[in-house]
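Trainee: Provide a 3D model corresponding to the input given below.
(chains A and B)
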Amino acid sequence: MPPLEGPPDLCADDGTAVDRRGALKLFAAGAAALASGCRRQEEMLPYRDMPEYGASGDAVMFATALPLAGAARGVLVESHQGRPTKVHGNPDHPASRGGTDAFAEAELLALFDPSRTTSPVAGGTPVTWSAVAERLRAAVAENGTALLTGPVGSPTLARQVGALMDETPGLRWFTHRGAAPALEVPAGPGPLDRMQLWPDWASLDAVVTLGADPLGPGPAQVAMTKGWSEARRARRDTFRLFAFEPVPTLTGTKADRRTPVAPADLSGAARDLRDALEGGDAPAPIAEAARALTAAEGRACVLPGPDLPPETLALIEEINRRLAAPMSRRLPFWRWPALTQEDASTLIPALRSGEVRRLIVLGANPAYDMGPAFEDAAADVELIHFGLREDETASRAALHAPLHHPLEDWSDLRSVDGTASLVQPLIAPLHETRSAHAVLEMLRGRTGTDPRALVQETWGARWGTDFDDLWDGALRAGVIDDFPVEDVSPAYEPAPDEAPQGTGAFAHVAQISHAVLTGEYAPNGWLQECPAPLTKQVWGNAASLSRADAGRLGIEEGDTVALSGRGQTVWLPATILPGQADGVVGTTLGYGRRLAGPIGSGVGADTAPLGPRIDVRPTGKSGLLVRTQREFGQHGREILRSVTHAEPEVHKAHHTTESFYAAWEYDSPSWGMVIDTDVCSGCNACMIACQSENNIPVVGADEVARGRHMHWIRIDAYDLPEGTGRGFQPVPCMHCEKAPCEPACPVAASVHDEQGLNAQVYNRCVGTRFCQANCPYQVRRFNFFDYADSQAHANLGADLLQAMRNPDVSVRGRGVMEKCTYCVQRIEAANHAASREDRPIADGEVVTACQSACPAEAITFGDITDPESAVSRAKDSPRHYALLEHLGTRPRTTYLARVTPEEEA
Amino acid sequence: MSATDAVLPDRAPGRLTADVADPLLRPRFGRIWWACLILCLGLSILMVVSLVVLVAGGVGIWGINTSNVWGFALVNYVWWIGIGNAGTLISAMLLLTRQRWRTSINRFAEAMTLFAACIAGLFPIFHLGRPWLFYWLVPYPNTLGLVPQWRSPLVWDFFAIASYILFSLMFWYTGAIPDFATLRDRAKGRIAQVAYGILALGWRGSARHWQTWQSYYGAMAAMGVPLVISVHSVVGMDYAAGIAPGWNESIFPPYFVVGAMFSGFAMVVVLAAIFRRALNAAHLITDRHFDVMGKILLTGSLIMTVSYATEWFYGWYSGEHAEQHVVATQLWGDFWPLYWGMLAGNCIIPQLYWWPFFRRHLPSTILIAIAINIGMWLERVVITVVPPARGYLPSQWSSYWPTLWDWALFAGTLGFFGLLFTLFLRVIPAVSIHEMKEQVAEEAPT
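Mentor: Purely as a prediction, here's the structure:
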């Protein structure tokens, strides 16, 4: 048993030494507290127009914000009797406007993750929080102590850090940044001189990207995808996006014209572009882009990638000024000019020189993120780590103490565009954890502080007498209206002659991962099993190569290759990506975590230490590439279809098979869905939203390798006829009018309902799988094992996770078929509400999980018997087509074709 | 009538009875019999173990996946039910067409049918995700008022198999009643006398018994022929009613029936050879029998070849890319060794039967029959595994690879079949004594 260092810390952080009698009293008090459910008493305010909640079992929505790489995304969280069960986008938040991303949806699993640290640990021994507070007081009192945080987007936390630094001369504060938001680029010579470009998509008609990926994963993804998709939808005839990039990105995939360019040639492309704008000669794709920019002057911009040299950034800045580009240049959300902030890149020299002998790490994982260099430099440094789990840094730390998950915490947070939001807890802390705000107060020698009071203090100072109204309003809306956004003017200096980047034969482009970001989401099973948009790889990363390079090296799809750079070698499966520049290897960051719980440890390989130049060598082995899709060619079949501006109509099938059975008859409503493949950016938000809404289990890499996966909506990727990349086609259940699965089932478990849904009766299913064999769209998913519970992957069957499940959706057992239901639980909720009020269901009242998540608003859902509904109007589009129409299944889920420029047709 | 001379043994009726019945009543069984029994028992235990593991763990222990939903379960089901087709065919159709040579082989061919059909019947039950609920396919009275979903080929299948197994059992048992009486009368031990006595149902061999029996047996045979056709037609419809390219073909029912008879006859050839060797009964099953069966197999092979050619033609003629792709994948894709193995076993090797030497030379004819059985098994693999692996949407193409448990169950069912057959040879007259005697008496020069 550990020595009793303080009283059992049940409700408060302030404790003094106790004698035997005191201990007994505390035991008694503890027992009483257990019986009465001792929790912090707090008031939580609902989103707007809420009924009295708690008793009816109806879901309640709370507005809050979730951080991604430190930046907020505004969300509404659905709570069932005190348990958060689903994350939705907040339509009132300017940086999400109702959309979400895969990471926000997956935060729910992160909250209930059974592998989170449950109490503070020092040297393998549990300790109390009062012991932690003492340790912190002592650390701050000594010289050579530094604080390392992630990007701080919280005004309260920044205020606390400022106060701490004022009180503690000599304390240094370093900010470590994992995934920078898209379009955050250097604005000057220093590592902290950066700016956030914020294009006004509504005023744009021509956009050129030079290595930038605004639609790619990161904290700006939702806002950028919203903006881009609205521009694309509203001005499809005039809006043009040109992408110049080394490795295919989501932005490049959605570009009207995409040109592969090696990283080293991006600067040249920028110069060519300037020359072309000035009337000079340039290669054809650049000249075309320049013509579009010129034609749309005042409504055009050039978006630079983050790794371009200062000269090129200055050049692009000049082009944008000349074009009068409608975009703002903002101070990044994590910059606090009033405070002495240092970049983590200066931490390693400080550690080496011995200036920093003690490092307090708050919500960062430098042992993984900064790689072996940190491990080396921090060998003799005392580490105190605060984070969600026992990660690489925690395992080296003298003291590791757990923080609240954002869904358990009070805070405030800024998003990439600068908007501030309040963060409110959805559930009392599950474990013996503390808020980061409370930890900072401990550093200031105060214990027992209430994070809500700290946040209120920050905003109280700003709002003064209006505080009460504004606070309640901000909690309800999830947005604080009046937080100022500062603009920056970039001032570039020519870069000093940089050290050679290495001698490798290939340029190495390491991108932010769609699944694990830069590693922090590795413990999340939903995300690990979420396929990479372009390669459909799950549970790992890969090295992408151009077809020519692969051919030259004798590498085939799935072969294991050795990548070496900066003296390090990692082994990854190779994948051949159409549209990748020659001489470039693409990888994703965030894999190869050593300590990321039972889910994320040892998945993939960490490619960050390899540097920008690497060598590639085939190893003659294969077998690591686990994917949910192996074939990307359309084989001449009309699956992911395209139209052009000149010929906007999809050709319909010449003949369709007539059904043997009589037609169904409906009383309104009868549901249908249209998916616009032209704006689907492949971001995967719908997949994780569906997983969360419908209690879909994780099956693990071995099962996926066998060809089993459970996603009710998948996103197929197909090579485009243009040969420049891949396009996306989300595939949920088609809810066919003449569903081939229905006559196949011997026990009537697959049935057509009176609203046109193809329903699956789980209790009736005996598991013949004939319906699955007979589904030409292959959207049915079978529980080959008891995935949800006893044979769940890793610890995803843990008791704690029962609390996360949507109580409106059955958890399916072994041997049962399941599939997309069009979120029938939401349809039924709307039916009940409408029948209570004796009215028809309004158009747009039922929103499926995939539809509500989609930041591109590519999914339309509604009553197809109502000719005025949005979905019926979408079905009237000339781009409208049914997948595999000639089979005569008459699907209710249908598609809108991609639009490609005329030249390609 | 040289054929008659060759297919009926030149022995007195009394000797015939002794030839068939005595080995059953002999107390000591040979070493080879024991070796076979132990081997088959071991494999049968493997079957039981795989079934227990299957029910405990779930069908996930097999190699099936989201695209290839059935795998070996359906392959083996179709293969076994195919083998189970020939016995009734020989008994019923050959009886009705008065093919005298059938009397030597019909009894064990019927036993083969029964055993194979029972084993085949295991697969549709155990391939279910929740096998303990298989009875939901039965229209039994229940509180929910639910009946099976009649449009499903699986329901037709359930009725087809159930009626076929019941029919086969009755036909086989009632056909053997006079022989059970013979054994009852010849048995020395009390237990054997009582056991065979019960099985003989009081048969006394009176003229009236014989008259009733003959009309009953003829009527059963007439009922049996459509059942033979229906059971495998319905198996074919399990696929043909599906929408998958490569399955949705109206040729499947007749093509499955012929394939079943083809594989069943090949199995009869193999078993006849074993039986002839085991009971030392070259005079009961003569070279002439193998000659006749060789001709039937040759006919079957030609029909199968035409069927394959028809599939290729319609694959091309459909104009449907997915259909064409499935045919091309079967011929040239990842699975080409299976397909070409099938063509070798079913189409090419049986052509040797054009030569009388191969029909009468026992080792050759057995090897060819085994090649046909392997070819027909591969055919079922190719049919079950390729079309779902190459469906309409290329994004979902994925291949099926059997796991250890897939193979264990297949090997186990082979062992169980062997076990049943080994026991059968020692308990029940393997040749219909009374029919044989009747034939001999009719043909005997008076």
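Trainee: ok, the residue nearest to residue A:214 when sequence neighbours are not counted - contacts?
Mentor: In space, and not counting its chain neighbours, residue A:214 is closest to residue A:224: 4.0 Å by Cβ to Cβ, 6 or more residues apart in numbering or on different chains. Glycine gets a C-beta too; all of them are placed from N, C-alpha and C. With contacts defined as Cβ atoms under 8 Å, 6 or more residues apart in numbering or on different chains, residue A:224 is in contact with A:182, A:183, A:201, A:214, A:215.
Trainee: Over to residue A:483?
Mentor: A:155, A:414, A:418, A:419, A:420.
Trainee: Which of those residues fall in helices?
Mentor: Counting by DSSP state H, those place residue A:155 in helices.
Trainee: Among the contacts of residue A:483, name the ones in strands.
Mentor: A:414, A:420 (DSSP state E).
Trainee: okay, the contacts of residue A:483 in a markdown table with neighbour count next?
Mentor: Output for those, formatted as a markdown table (neighbours: other Cβ atoms under 10 Å in any protein chain shown):
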| residue | neighbour count |
| --- | --- |
| A:155 | 20 |
| A:414 | 27 |
| A:418 | 22 |
| A:419 | 24 |
| A:420 | 24 |
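Trainee: JSON lines please, covering the contacts of residue A:483 and showing pLDDT and distance to residue B:64.
Mentor: What follows is the contacts of residue A:483, written out as JSON lines (pLDDT from 0 to 100; distance: Cβ to Cβ, whole Å):
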{"residue": "A:155", "pLDDT": "93", "distance to residue B:64": "55"}
{"residue": "A:414", "pLDDT": "93", "distance to residue B:64": "50"}
{"residue": "A:418", "pLDDT": "90", "distance to residue B:64": "53"}
{"residue": "A:419", "pLDDT": "91", "distance to residue B:64": "50"}
{"residue": "A:420", "pLDDT": "93", "distance to residue B:64": "52"}
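Trainee: Let's have the contacts of residue A:483 in a markdown table, adding distance to chain B.
Mentor: As requested, these are exported to a markdown table (distance: Cβ to the nearest Cβ, whole Å):
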| residue | distance to chain B |
| --- | --- |
| A:155 | 46 |
| A:414 | 40 |
| A:418 | 40 |
| A:419 | 38 |
| A:420 | 42 |
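Trainee: In the helix or strand where the residue nearest to residue A:214 lies, which residues are buried?
Mentor: Following DSSP states H and E, one finds residue A:224 within helix A:221-234. For helix A:221-234, the neighbour count (16 or more other Cβ atoms under 10 Å in any protein chain shown) marks A:221, A:222, A:223, A:224, A:225, A:226, A:227, A:228, A:229, A:230, A:231, A:232 as buried.
Trainee: And the residue of chain A closest to chain B?
Mentor: In chain A, the residue that lies nearest chain B is residue A:767 (1.8 Å; Cβ to the nearest Cβ).
Trainee: Model confidence for that residue, exactly?
Mentor: Note for residue A:767: predicted pLDDT of 93.
Trainee: Assign the residue nearest the centre of chain A to helix, strand or coil.
Mentor: Residue closest to the average C-alpha location in chain A (Cα atoms, centre = their mean): residue A:103, at 3.1 Å. Three-state assignment for residue A:103 (DSSP: H, G, I helix; E, B strand; the rest coil): helix.
Trainee: Tell me, how many residues neighbour the residue nearest to it when sequence neighbours are not counted?
Mentor: Of all residues not flanking residue A:103 in the chain, residue A:68 sits nearest, at 5.2 Å (Cβ to Cβ, 6+ apart). Counted with other Cβ atoms under 10 Å in any protein chain shown, residues neighbouring residue A:68 total 26.
Trainee: and the closest residue to residue A:203 other than its chain neighbours, how far is that from residue A:197?
Mentor: Leaving aside its sequence neighbours, residue A:203 sits nearest to residue A:326 (Cβ to Cβ, 6+ apart; 3.9 Å). With distances taken as Cβ to Cβ, to the nearest Å, residue A:326 is found 11 Å from residue A:197.
Trainee: same check, this time on residue A:379
Mentor: Using Cβ to Cβ, residue A:379 is found at 39 Å from residue A:197.
Trainee: ditto for residue B:125
Mentor: Residue B:125 is 64 Å from residue A:197, by Cβ to Cβ.
Trainee: Which residue of the two possesses the greater neighbour count?
Mentor: More crowded of residue B:125 and residue A:197, by other Cβ under 10 Å: residue A:197, with 26 against 18.
Trainee: Wait, a strand at the more buried one?
Mentor: Yes - applying three-state DSSP, one finds residue A:197 inside a strand.
Trainee: Which pLDDT value belongs to it?
Mentor: 94.
Trainee: just checking, it touches residue A:327?
Mentor: Yes - using Cβ atoms under 8 Å, residue A:197 is in contact with residue A:327, at 5.6 Å.
Trainee: Next to chain A, which bits of the stretch 51-200 of chain B? Give me the list.
Mentor: Residues of the stretch 51-200 of chain B lying close to chain A (Cβ under 8 Å from any Cβ of the partner chain) are B:57-60, B:63-70, B:127-130, B:133-134, B:136-137, B:146, B:148-149, B:151-155, B:158.
Trainee: which among these end up buried?
Mentor: Neighbour-count burial (16+ other Cβ under 10 Å) is assigned, among those, to B:57-60, B:63-70, B:127-130, B:133-134, B:136-137, B:148-149, B:151-155, B:158.
Trainee: Tell me which helix or strand the residue in chain B positioned nearest to chain A sits in.
Mentor: Relative to chain A, the nearest point of chain B is residue B:129 (1.8 Å; Cβ to the nearest Cβ). Assigned by DSSP H and E, residue B:129 falls within no helix or strand.
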